[in-house]
Structure formats: C-alpha cells, structure tokens
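> below is the structure, and that's it, no one-letter string:
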C-alpha cells in the first residue's frame with residue numbers, strides 16, 4: 001500500500017519507481033514478443049505515466065528482426081479495423097522493495113541504432129496497479145467487504161457537513177452521508193484533492209463506479225480518479241491513473257445546490273436513489289448525461305440538439321409506458337394499405353406514412369406532460 005509521502009508525490013506529479021526487472025510481453029497466434037531488463041516508471045509534469053527500460057539483445061537475436069516483428073504486430077492492420085486486445089503489450093515490474101507492478105494495453109516503441117547491443121523500450125501507461133497480500137495479523141474475520149479509498153485532484157462543491165480539526169484549526173471540510181445502509185465519507189484537503197472512503201460487498205466490485213456516476217451528476221462535473229486503493233479480505237490493490245492536467249474541466253448545472261451543508265439531505269437522497277436503481281455503470285442515462293456535459297461548450301444549436309436527443313432517448317428507454325396513445329404496428333400497416341387504395345399523390349402519402357410510423361413510438365411531449373401531472377418533475 002502507498003505511504004502518505006508517496007501519495008503526495010503522485011498528487012504533485014513527481015512520482016517515480018525504479019524497477020530492478022521489467023518484463024514487457026505480447027502473445028498471440030502469430031507473434032510472441034518479450035522484452036526484459038531494468039528500468040523505471042515515472043510521472044510527467046502533465047500527470048501521465050510512462051515506462052522506460054533497457055533490453056539487451058541475445059547473441060542470436062537480430063535487432064532488425066525484433067523491430068520488424070514489433071512493427072508488424074502493432075501497425076500492419078487493415079484500414080478501419082479495430083486493433084484487437086492481443087496486439088498490445090502487458091507490463092510486469094518489480095521495484096526495489098519487492099512490490100510487483102503491472103499494466104495492460106501498452107503500445108511499445110523500441111529504439112536502437114546499429115551497431116547496438118540493446119534497445120531502449122518506452123511506452124505510455126494508462127493504469128498502473130500493485131497488489132499486496134495482507135499479513136496474517138491484518139486479516140479480517142468480519143463480513144467480507146471491499147474498502148474503497150479514492151483520491152481525486154481538484155476542488156469540488158460537495159455539501160460539506162462535518163467539521164474536521166487538524167493542526168489546531170477547525171474547518172468544515174468533510175461530507176458524511178449514508179449510502180446503501182453504510183457510511184460514505186468524502187474529505188476535502190485544502191481544495192487540492194478529495195478523498196472518498198466507502199465499503200462495498202465483495203460481490204459488487206463495480207459499486208464504486210456507480211457511486212461516482214451519482215456524484216458526477218449531482219455535482220455537474222466529472223470526478224477523475226488519480227488513485228484508487230481497494231482493500232479486500234486478504235489483499236490490497238492500488239491503482240494509479242494517468243490524468244492529464246491539460247484536460248479541460250467542464251461543468252454543467254447540477255440538479256440542486258451542493259455547496260451548502262443544508263444540501264446534504266437532498267444530495268444523499270439523490271445518490272441513494274441513483275445507486276439503488278442503477279445495476280451497473282455506463283447506462284443509457286449516464287451516457288446521455290455525460291455527452292451533454294462534454295458538449296456544453298459547443299455552439300448553442302449543437303448543445304440544444306444534443307440535449308433534446310438525450311432527453312428523448314432517456315424518456316423512450318425508461319418511461320415509454322407512460323405514453324398510452326401509441327398506435328400499434330398492425331393498425332398502422334392496416335391503415336396504410338387502405339390509404340394506398342386512395343391513389344394519393346406520392347408526397348402526401350409519404351407524409352402520412354411518416355406520421356403513422358412515428359406514432360408507433362413513445363411521444364416525448366406526452367411523457368413529459370404525464371411526469372408533470374404525476375408531480376415527478378416540475
């Protein structure tokens with residue numbers, strides 16, 4: 001598990017690891033490429049991770065053959081074809097303290113000059129993970145729970161409702177709410193980063209992703225994790241993410257105020273409703289919301305179009321049963337056959353046909369009206 005000093009260096013984009021041995025490999029039906037040697041993983045000023053290692057050529061190994069195999073493996077693809085997973089490399093490295101670090105989905109870049117006895121291998125890393133087994137004295141005999149500690153850079157307007165005393169000063173810098181019958185803590189550290197702590201059943205490994213989605217919608221912005229520490233019954237997994245500081249921070253109007261302690265009740269109510277009714281992350285609802293957020297700074301015409309399409313899609317997905325005036329497909333086809341016999345002009349017939357076709361789908365206007373009548377929305 002990371003120490004507090006290591007967490008601080010990550011948040012300051014100064015983290016680096018010296019690795020005594022690195023193994024970068026890729027296996028498929030056509031290729032089996034492996035690089036091994038000492039190296040390091042470092043964090044750039046932009047907040048992204050990169051790997052660099054030295055691979056010494058074997059006596060029988062031709063550098064040009066190695067470069068050619070890697071080029072075929074990564075780049076000789078049919079235009080328009082999605083690159084398969086096995087075309088990328090995996091990474092394993094052991095640091096000086098014996099911890100093993102792993103990463104997936106790497107595109108390596110071997111560089112060497114002739115004559116040469118080795119190659120410098122570089123790659124960008126999206127997610128870097130380290131798993132350590134707990135000592136016997138640390139094992140828990142209580143219910144099997146997955147403890148999540150998530151750290152995100154930046155300042156966020158959570159409804160801070162708890163005072164915290166630190167270094168002889170007291171500040172309103174913690175948000176405590178109950179989610180799924182257990183406490184969830186979010187702590188603000190000098191507006192530089194927040195730390196979220198929550199426990200989940202081990203059979204719900206993606207529960208924290210749904211929770212983050214609920215937070216995103218409630219805050220009107222996206223929380224991008226820098227560090228996630230998952231603590232299970234017998235092991236702890238630490239994941240570090242490349243988060244570019246150059247990424248634009250976009251916001252959208254949240255459904256209610258979140259910058260006041262008095263908002264914590266509404267905040268908790270929304271988060272619980274979302275988590276209880278969302279079985280897995282990245283539903284149609286969240287994808288539509290995220291698209292609206294990412295496009296909120298485009299031209300107003302594009303923004304309106306994206307917003308209305310999102311509303312229509314969500315209504316048809318979750319509330320189509322509220323539109324009771326839909327015309328069945330059989331009735332529409334029967335009506336069209338009768339209209340054909342009238343020998344109307346083609347443009348008039350096509351207009352009627354389009355109207356009957358659209359009438360088979362839920363009408364957003366009628367659904368919204370019904371939701372207002374039922375006092376679900378204003």
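Cool, the structure landed. Quantities reported herein were computed from a predicted structural model and do not represent experimental measurements.

> what's the next secondary structure element after the host helix or strand of residue 183?
Using DSSP states H and E, residue 183 maps to strand 182-189. For strand 182-189, the succeeding helix or strand toward the C-terminus, using DSSP H and E, is strand 193-201.

> next, report how far that following strand is displaced from the centre of its chain.
16 Å (CA atoms, centre = their mean, to the nearest Å).

> that strand vs strand 182-189, what angle?
Going by axes from the mean of the first three to the mean of the last three CA atoms, to 10 degrees, strand 193-201 is angled at 170 degrees with respect to strand 182-189.

> list the buried ones in strand 193-201?
Counting neighbours by 16 or more other CB atoms under 10 Å, one finds that the buried residues in strand 193-201 are 193, 194, 195, 196, 198, 199, 200. Backbone N, C-alpha and C define where each C-beta goes, glycine included.

> show the average pLDDT along the strand holding residue 183.
Averaged over strand 182-189, pLDDT sits at 93.

> quick one, strands of the stretch 251-378 of the chain?
Assignment of strands within the stretch 251-378 of the chain using DSSP state E, counting those that start in this stretch yields no ranges at all.

> output the below-cut-off pLDDT ranges for it.
Within the stretch 251-378 of the chain, the stretches with pLDDT under 70 are 295-298, 324-327.

> ok, now with 90
251-263, 279-280, 284-285, 288, 290-367, 369-371, 373-378 (pLDDT under 90).

> how about the helices in the stretch 151-300 of the chain?
207-219, 264-277, 284-294, 300-318 (DSSP state H, counting those that start in this stretch).

> of those, flag the one that's most buried.
Among the helices of the stretch 151-300 of the chain, helix 207-219 has the highest mean neighbour count (mean count of other CB atoms under 10 Å), at a mean of 21.

> name the residues that touch it?
Helix 207-219 is contacted by residues 146, 148, 150, 156-158, 179-180, 184, 198, 200-201, 222-223, 225, 228, 254-256, 258, 267, 270-271, 274-275, 278, 280-282, 286, 289-290 when judged by CB atoms under 8 Å, 6 or more residues apart in numbering.

> mind doing that once more with 7 Å?
148, 150, 156-157, 179, 198, 200, 222-223, 254-255, 258, 267, 270-271, 274-275, 278, 281, 286, 289 (CB atoms under 7 Å, 6 or more residues apart in numbering).
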